[in-house]
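Asker: kindly return the folded structure for what I paste below:
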Amino acid sequence: MPKTKVAEVVVLDPATMQVETSEDYTKRGWLYFSRKQFDLATEDFRHVLTSEANNIDTWYALGLSLKSSGAHSKAVEAFEKVLGLVDQLEDKQRANILTRLTHGQINQMKTGDWNLEKEVWKRVA
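Answerer: Below is the predicted model:
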């Protein structure tokens with residue numbers, strides 16, 4: 001049986017990453033997030049937003065990071081910023097999906113349930 005060559009996976013240490021661009025800060029923020037270092041992830045996402053105030057993906061990432069750290073009221077504010085920017089997306093399908101995900105995050109923090117009846121199926125529960 002022939003051996004299959006497996007690609008080598010390089011795991012970056014966010015603490016030793018050299019960051020210069022918004023993209024670098026975003027990558028490092030996600031690495032911190034994946035390691036449950038939410039305060040450091042939040043710092044990196046906030047850094048990006050100082051120069052890219054309308055970066056919808058970074059607002060969503062910030063919301064997730066704040067939610068994961070237990071800062072629910074600040075997370076809701078970040079997610080509400082996403083909802084305020086979503087109409088600017090040209091890809092309407094992406095905008096629709098992001099709107100649903102964002103409402104779900106907010107609902108879950110406020111009520112403990114994603115409860116997307118109103119947002120997804122346009123039904124009032």
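Asker: helix/strand/coil for the residue nearest the centre of the chain?
Answerer: A centroid search over the chain (CA atoms, centre = their mean) returns Ala61, at 2.1 Å, as the residue closest to the centre. Here Ala61 is recorded as helix under DSSP: H, G, I helix; E, B strand; the rest coil.
Asker: how confident was the prediction at it?
Answerer: Predicted confidence (pLDDT) for Ala61: 98.
Asker: buried residues in the longest helix anywhere in the chain?
Answerer: Assignment by DSSP state H gives helix 92-111 as the longest helix of the chain. Neighbour counts over helix 92-111 (16 or more other CB atoms under 10 Å) mark 95, 98-99, 101-107, 109 as buried. (Each C-beta comes from the backbone N, C-alpha and C, glycine too.)
Asker: ok, so of the residues you listed, who is nearest Ser22?
Answerer: For those, the closest approach to Ser22 (CB to CB) belongs to Leu98, at 19.3 Å.
Asker: can you pull the contacts of the closest one?
Answerer: By CB atoms under 8 Å, 6 or more residues apart in numbering, Leu98 lies in contact with 56, 60, 82, 86, 89.
Asker: now for these: which two are most distant?
Answerer: Based on CB to CB, the longest span within these runs between Tyr60 and Leu89 and measures 11.8 Å.
Asker: ok, back up a step: who wins for neighbours among the contacts of Leu98?
Answerer: Highest neighbour count within these, by other CB atoms under 10 Å: Val82, with 23 neighbours.
Asker: was I right about that one contacting Ala61?
Answerer: No - at 9.9 Å, Val82 does not count as touching Ala61 under the criterion of CB atoms under 8 Å.
Asker: I'd like the mean pLDDT over the longest helix of the chain, please.
Answerer: Mean per-residue pLDDT for helix 92-111: 94.
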